[in-house]
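Undergrad: show me the folded form of this:
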Amino acid sequence: MRLPQMKIATFNINNINRRLPNLLRWLHAAKPDIVCLQELKSTDADFPAGAIDRAGYGAVWRGQKTWNGVAILARKAEPVLIRSALPGDREDHEARYIEAAVSGILIACLYLPNGNPQPGPKFDAKLKWFKRLQRHSQQFLKQEIPAVLAGDYNVAPTAADIYPTRSWDKDALIQPESRAAFKSLLARGWTDAIRTVHPAKPMFTFWDYKRNRWPRDAGLRLDHLLLSPALAPRLIKAGVDRKLRGEEGASDHAPAWIVLK
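TA: Numbering: from 1, shown residues only. Predicted structure coming up:
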């Protein structure tokens with residue numbers, strides 16, 4: 001008897017309406033059970049709920065005109081919305097966090113601030129957002145909740161998560177403070193699923209449109225799925241659907257995914 005499995009993915013879609021054909025093809029082929037999307041670049045009203053529904057997915061989302069936007073999709077299920085903002089800052093009106101319950105798992109979909117240029121207020125805001133995430137997610141650990149923190153963290157955690165180069169040295173994505181904030185989550189008990197399954201491979205998820213970076217495989221690993229201790233023992237597979245990045249009209253990210261038993 002084959003035990004049931006669950007496939008969870010995170011995908012920075014970089015404009016859901018523009019990339020909708022790419023997204024629908026991937027949903028049909030990969031059949032993920034849960035999908036966290038970032039950078040919808042769509043208002044709530046313009047979210048393509050009908051097309052997503054026809055593809056067999058229930059959805060909750062929080063849109064924002066021009067930038068940001070996050071969503072959680074569930075195959076043959078309806079995600080139960082828990083919250084649509086990260087607690088801790090009433091002045092933060094950016095659509096960067098959404099949380100839902102799906103099939104007994106708490107799914108947090110996040111799109112962390114980029115932080116550039118650094119140093120400066122945008123980098124300070126990135127680090128403050130990270131601290132809010134650390135504080136909020138700590139309750140999941142205390143309550144032993146099976147939870148996934150999935151999304152575009154805008155951090156390449158180590159030197160192994162970026163192609164050999166000095167051209168990004170001043171970028172917020174690889175600063176020591178950014179990396180330390182990510183490492184702090186792991187130190188609290190979260191498991192980096194992709195790195196657990198693939199400790200030595202690059203596993204890039206992002207290739208900038210500029211400077212021929214996709215053909216050169218000049219990538220970074222920015223999209224992560226972190227598992228709570230209650231969920232980590234169920235991890236059996238993980239990967240990145242790289243071929244999507246090479247499609248016509250592709251996002252500059254590729255979906256990262258895990259399979260849980």
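Undergrad: switch to C-alpha atoms for all contacts and neighbour counts from now on
TA: Noted.
Undergrad: excluding residues flanking it in the chain, which one is nearest the residue nearest in space to the middle of the chain?
TA: Nearest to the geometric centre of the chain sits G151, at 1.3 Å (C-alpha atoms, centre = their mean). Computed as C-alpha to C-alpha, 6 or more residues apart in numbering, the closest residue to G151 that is not its neighbour in sequence is L110, at 4.8 Å.
Undergrad: now the one you found: how far from N154?
TA: 10 Å (C-alpha to C-alpha, to the nearest Å).
Undergrad: quick one: which of these two has more around it?
TA: Neighbour totals were compared for L110 and N154, and L110 leads with 29 against 22 (other C-alpha atoms under 10 Å).
Undergrad: give the pairing partners of the strand or helix carrying that one; include direction for each.
TA: Per DSSP states H and E, L110 falls inside strand 105-111. In the sheet, strand 105-111 lines up against strand 97-102 (antiparallel), strand 147-152 (parallel) (DSSP bridges).
Undergrad: need the contact partners of stretch 166-178.
TA: 114-118, 123, 127, 154-158 (C-alpha atoms under 8 Å, 6 or more residues apart in numbering).
Undergrad: ok, now with 7 Å
TA: When contacts are defined by C-alpha atoms under 7 Å, 6 or more residues apart in numbering, stretch 166-178 is touched by residues 114-116, 118, 123, 127, 154-156.
Undergrad: compare the residues you listed and tell me which is most surrounded.
TA: Highest neighbour count within the contacts of stretch 166-178: V155, with 27 neighbours (other C-alpha under 10 Å).
Undergrad: can you give me the helices in the stretch 151-261 of the chain?
TA: For the stretch 151-261 of the chain, the helices defined by DSSP state H, counting those that start in this stretch occupy 176-188, 193-197.
Undergrad: take those and lay them out in CSV including mean neighbour count.
TA: Shown next, in CSV, are the helices of the stretch 151-261 of the chain (neighbours: other C-alpha atoms under 10 Å):
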stretch, mean neighbour count
helix 176-188, 16
helix 193-197, 19
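Undergrad: to K210, which of the ones you listed lies closest?
TA: Across these, K210 has its closest neighbour in helix 176-188 (23.1 Å, C-alpha to C-alpha).
Undergrad: can you tell me the average pLDDT over that closest one?
TA: Mean pLDDT, helix 176-188: 98.
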